Every structure is written in C-alpha cells, then in structure tokens.
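**Q** I would like the atomic coordinates for the input below:
(one chain, ligands or ions: 1)
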Amino acid sequence: MEERMRFSCSLCNREYPLDTRDFRCQCGGAFDLDWTPEPFPISSLQGREMSVWRYRESIPILHDENIVSLHEGFTPLLPFSYGEFKKILLKLDYLCPTGSYKDRGSSILISKLKELGVTSCIADSSGNAGASIAAYSARAGIQCKIYCPAYTSEGKLVQIRAYGAQLVRVPGTRADTAEAVQEEAKKVYYASHNWNPFFSAGVKTMAFEICEQMGWNVPDAVLCPTGYSGIYIGLYDGFKELVRHGVIDKIPRLIGIQSEAVSPIYQAFSRKAGEVAEVPSRTTLAEGIACVHPVRGKRILEIAQETRGCFEIVSEKEIMEGWKELARRGIYVEPTSAVVVRAIDRLQQKALLDGQESIVLILTGIGLKATETLSKYVSAENE
Ligand SMILES: [Zn+2]
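**A** Numbering: from 1, shown residues only. Down below sits the predicted model:
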C-alpha cells in the first residue's frame with residue numbers, strides 16, 4: 001500500500017511523496033491522494049466498532065498502531081418531517097466527539113501525521129476544524145497551533161485552548177487567516193482541512209454510513225452546508241467508491257447550500273462557469289461556510305454536473321428560521337448547519353426537489369459552540 005500511495009496535483013498531475021512539506025503543488029493546484037482502496041467487507045461489518053474505522057480497508061493509514069481516534073462517526077440518521085416532505089433524514093454529525101463532523105477528517109489526518117513522524121503542526125480554521133485538529137493532536141501528543149479569525153465564536157476558541165493548542169487570533173477576514181497560516185506553513189507541517197487529502201479521506205465515511213444506515217441504499221438527494229466544500233467532495237468520493245465496488249448503483253444528487261452573503265459556488269454554478277471566482281467577504285450567521293474562494297472550485301462544479309446536483313442559497317433570516325425549526329423539535333445545531341432547512345423550500349419552488357424524494361440533510365456543528373450568537377435570538381422571545 002505504501003509504495004503506491006502518492007499525492008498528485010489536481011491541475012498538472014505532478015506527483016509528490018506523502019511526506020512532502022508542500023501543502024499544494026508548485027503550480028498552485030490542490031493535491032489529490034493517488035491511491036485505490038480495497039473494498040471493505042459489507043457482510044462482516046456488523047461486529048466492528050461504531051466509528052469511521054469500521055471501514056478500515058478504505059482508510060489510507062498503513063499501521064493500526066498509528067490510529068488516533070476518539071470514536072468519531074457513526075452518528076444517528078434521524079427521521080424528520082417537514083412540509084409535505086415525508087422522507088427526510090437528518091444526519092446528526094454534530095454529535096461527533098468535538099461537536100462537529102470535522103472529527104472524521106481529523107482522526108485520519110492526525111493518524112497520518114503520527115505515521116509520518118510529525119511532532120508539531122499548524123492549522124487555520126473558522127473554528128470547528130481548529131477545535132477538532134487540536135483535540136486529535138492532544139490525543140496523539142502532537143504540538144498544535146491554530147489560527148482563527150478574530151471574530152470566531154468564543155465557544156470554539158475556548159475549546160481550542162482547552163485541548164492545549166496555542167491559539168492565534170487573526171484580525172480581518174477568514175481569507176486573512178488563511179494567508180497568515182500559509183506564511184508559517186513554510187516552517188511547520190500544515191495540517192489543513194481544506195488542502196490535505198487525508199482530511200477528505202475521513203469525510204467520505206459519511207457517505208458509507210448513510211448507505212449502511214439505509215440498508216445499503218442511497219437517498220435521492222443529500223443537502224449539505226457548503227463553504228470550502230469538504231463535505232460536498234467527501235460525500236461524492238464516498239458514494240463513488242461504493243459505486244466502484246458495486247455496493248450501490250448510483251450517486252445521489254448532491255446539493256450544496258451556501259449563505260446568500262457569501263456564495264461564490266452558487267454564483268459560479270448559476271452562470272454555468274467552469275471555475276469558482278472569488279467573492280467579497282461579508283459577515284454571515286453561517287460563519288462555518290463563509291468561504292470566499294474554495295480551493296477546489298473546478299472539481300466542485302464538475303461533481304454537481306455529474307450527480308445532477310446543484311447549489312442553493314439562503315438569507316440570514318432563512319438561516320434563523322431553519323435553526324428555530326430544528327431547535328423546536330429538539331435538534332440544537334449552530335446556525336451554519338441550519339442553512340439546509342429553508343433551502344428545501346427554495347428548491348421545491350424551483351421544482352428541484354419534490355415531496356416524494358428521500359432526502360438526507362447533513363447537520364455539521366453543535367449549537368453549544370455558538371451560544372453568544374444564539375442568545376441574541378432566543379432571549380427576547382422566551383422572557
Ligand atoms: Zn500542479
């Protein structure tokens with residue numbers, strides 16, 4: 001397995017060894033992981049642990065002793081009725097160990113760092129990935145420094161510090177934070193959840209779980225919050241792998257939801273562009289997807305084409321309406337996750353979804369991380 005595993009550039013195909021300290025190709029392209037996993041044995045999964053590691057054959061870690069895990073994954077798939085839609089399932093990924101889906105990626109990425117003998121790393125994040133990478137670094141005994149935009153929710157910043165990571169708060173936008181970390185990345189291993197393919201290799205397990213929890217069937221569509229598109233691409237990779245191994249026969253329509261305030265992918269898709277152009281930075285309640293320029297824009301648009309998927313936006317008002325809809329039925333997520341709810345109405349109005357379809361909504365982060373923001377919305381009403 002080791003011999004065959006390489007990074008290759010998604011733009012120019014140039015190859016790099018796994019222990020490269022470049023986080024992207026010299027041409028600027030993002031790395032893909034050049035590796036074809038073995039199929040995992042569906043008939044004998046039952047006795048395996050209820051985490052992403054139950055799909056062990058599909059995870060690019062060579063030796064079990066390098067596994068860094070907090071039993072992430074295998075989150076519930078919960079029925080939810082909404083309007084005339086009767087077949088909606090919520091994937092409660094906010095129930096991962098650090099309160100967000102990022103733990104899937106962090107577990108595999110930090111395991112790989114351990115396997116490569118890396119002893120310290122840096123990462124940048126709007127909050128959730130930083131908390132997650134800090135937690136797994138702590139578990140692995142790897143030193144960790146996290147760069148966050150200064151505006152990040154206090155709940156996430158406290159969590160990052162609690163895990164023992166050094167925190168650097170960068171004034172300005174999310175893009176300013178990414179720039180600051182890239183300077184430091186010349187010296188220290190950059191454990192980037194947006195650039196590093198080992199992170200994506202963990203996110204694809206979400207697709208495996210959805211299929212397994214549906215009796216190895218696929219839903220008609222999956223809606224996910226979309227910023228850098230880690231989930232969007234991860235879901236595609238996961239479903240594609242199952243198709244390749246003959247487990248399922250189609251990939252569901254993948255529908256990415258952005259906030260209207262920061263919606264570069266939606267805009268590119270709407271004008272049928274082949275690449276995603278940068279948009280101005282604006283504040284939004286959906287801070288976890290406030291990405292002005294995703295690093296794999298071309299790929300994201302290709303996936304939408306291939307899966308007959310699309311992108312949709314929701315306003316700030318719709319984000320809070322969706323959030324309330326969930327909260328009033330016992331589901332407490334951060335505003336970023338709530339973008340998927342009202343998007344259903346918009347898609348239905350455009351005849352891009354209908355009530356007969358089976359739909360999975362991905363809920364990415366727990367509400368407890370966004371207490372300051374959310375307190376402004378609940379206090380007035382309940383007193
Ligand atoms: Zn290249």
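**Q** can we go C-alpha only for contacts and neighbour counts from here?
**A** Will do.
**Q** ok, the closest residue to Ser51 other than its chain neighbours - how many residues close by?
**A** Among residues not flanking Ser51 along the chain, Gly73 sits closest, at 4.6 Å (Cα to Cα, 6 or more residues apart in numbering). Number of residues near Gly73 (other Cα atoms under 10 Å) recorded here: 28.
**Q** contacting residues around Gly73?
**A** 50-52, 93, 96, 101, 103-104, 205-206 (Cα atoms under 8 Å, 6 or more residues apart in numbering).
**Q** out of the residues you listed, list just those in helices.
**A** 103-104, 205-206 (DSSP state H).
**Q** what helix or strand is Lys91 located in?
**A** strand 85-92 (DSSP states H and E).
**Q** same question, Lys145
**A** strand 143-149.
**Q** got the angle between the helix or strand just after that strand and strand 143-149?
**A** Counting by DSSP H and E, the next helix or strand C-terminal to strand 143-149 is helix 154-162. Per axes from the mean of the first three to the mean of the last three Cα atoms, to 10 degrees, the angle that helix 154-162 makes with strand 143-149 is 160 degrees.
**Q** now helix 154-162: average pLDDT?
**A** The average pLDDT within helix 154-162 is 89.
**Q** in that helix, what's buried?
**A** When neighbours are counted by 16 or more other Cα atoms under 10 Å, the buried residues of helix 154-162 are found to be 154-157, 159-161.
**Q** now do the strands in this protein.
**A** Here the chain has its strands, by DSSP state E, at 6-9, 15-16, 31-34, 77-82, 85-92, 120-124, 143-149, 166-170, 189-190, 221-225, 253-259, 310-314, 359-363.
**Q** picking up where we left off before, name the member of the contacts of Gly73 with the most neighbours.
**A** Asp103 (32 neighbours).
**Q** pretty sure it sits against Asp93.
**A** No. Applying Cα atoms under 8 Å as the test, Asp103 and Asp93 come out as separate, 9.4 Å apart.
**Q** buried set for stretch 174-193?
**A** So, applying 16+ other Cα under 10 Å, buried residues of stretch 174-193: 174-175, 177-178, 181-182, 185, 188-193.
**Q** now stretch 23-40
**A** Judged by neighbour count (16+ other Cα under 10 Å), stretch 23-40 contains these buried residues: 23-25, 29-34, 39-40.
**Q** surely Ala165 is in contact with Ala134?
**A** Yes. Using Cα under 8 Å, Ala165 is in contact with Ala134, at 5.7 Å.
**Q** distance check, Pro219 against Gln46.
**A** The gap separating Pro219 from Gln46 is 22 Å, by Cα to Cα, to the nearest Å.
**Q** which one of these two is surrounded by more residues?
**A** Set Pro219 next to Gln46 and count neighbours by other Cα under 10 Å: Pro219 wins out with 19 against 10.
**Q** list the residues that contact that one.
**A** Pro219 sits next to 252, 357-360 when contact means Cα under 8 Å, 6+ apart.
**Q** nearest to Gln348, of these?
**A** Top of the list for closeness to Gln348, among the contacts of Pro219 and by Cα to Cα, is Glu357 at 11.0 Å.
**Q** that closest one - how many residues pack around it?
**A** 14.
**Q** circling back to that earlier point, which of the buried residues of stretch 23-40 are close to the ion?
**A** The residues of those that also fall near the ion, by Cα under 5 Å from the ion, are 25, 29.
**Q** would you list the buried residues of stretch 23-40 in JSON lines and tack on pLDDT?
**A** Output for those, formatted as JSON lines (pLDDT from 0 to 100):
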{"residue": "Phe23", "pLDDT": "93"}
{"residue": "Arg24", "pLDDT": "93"}
{"residue": "Cys25", "pLDDT": "95"}
{"residue": "Gly29", "pLDDT": "92"}
{"residue": "Ala30", "pLDDT": "92"}
{"residue": "Phe31", "pLDDT": "95"}
{"residue": "Asp32", "pLDDT": "94"}
{"residue": "Leu33", "pLDDT": "94"}
{"residue": "Asp34", "pLDDT": "93"}
{"residue": "Pro39", "pLDDT": "93"}
{"residue": "Phe40", "pLDDT": "95"}
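**Q** I'd like the average pLDDT over stretch 125-143.
**A** The pLDDT scores in stretch 125-143 average 94.
**Q** oops, could you answer that again for stretch 68-81 instead?
**A** 97.
**Q** quick check: end-to-end length of that stretch?
**A** 37 Å.
**Q** give the buried residues for it.
**A** So for stretch 68-81, counting by 16+ other Cα under 10 Å, buried means 68-77, 80.
**Q** neighbours of Asn217, how many?
**A** Neighbours around Asn217, by other Cα under 10 Å: 14.
**Q** name the nearest residue to it, sequence neighbours excluded.
**A** Using Cα to Cα, 6+ apart and skipping residues adjacent in sequence, the residue nearest Asn217 is Cys211, 5.3 Å away.
**Q** the one you found against Thr205, yeah?
**A** No. Cys211 lies out of contact with Thr205 (Cα under 8 Å); the separation is 9.9 Å.
**Q** grab the nearest non-local neighbour of Ser58.
**A** Per Cα to Cα, 6+ apart, closest to Ser58 is Pro37, 5.1 Å.
**Q** who's in contact with that neighbour?
**A** Counted by Cα under 8 Å, 6+ apart, Pro37 has contacts 57-60.
**Q** rewinding a little: now the residue nearest to Asn217: how far from the ion?
**A** 34 Å (Cα to the ion, to the nearest Å).
**Q** if we can go back for a sec, can you name every helix or strand that the strand holding Lys145 contacts?
**A** Contact partners of strand 143-149 among helices and strands, from 3 or more Cα pairs under 8 Å, 6 or more residues apart in numbering; DSSP states H and E: strand 120-124, helix 128-140, strand 166-170, helix 174-184.
**Q** so what's the residue count around the residue lying closest to Val279 once chain neighbours are set aside?
**A** Nearest non-adjacent residue to Val279, counting by Cα to Cα, 6+ apart: Val292, 5.2 Å away. Using other Cα under 10 Å, Val292 has 23 other residues around it.
**Q** fine, thanks again, bye for now.
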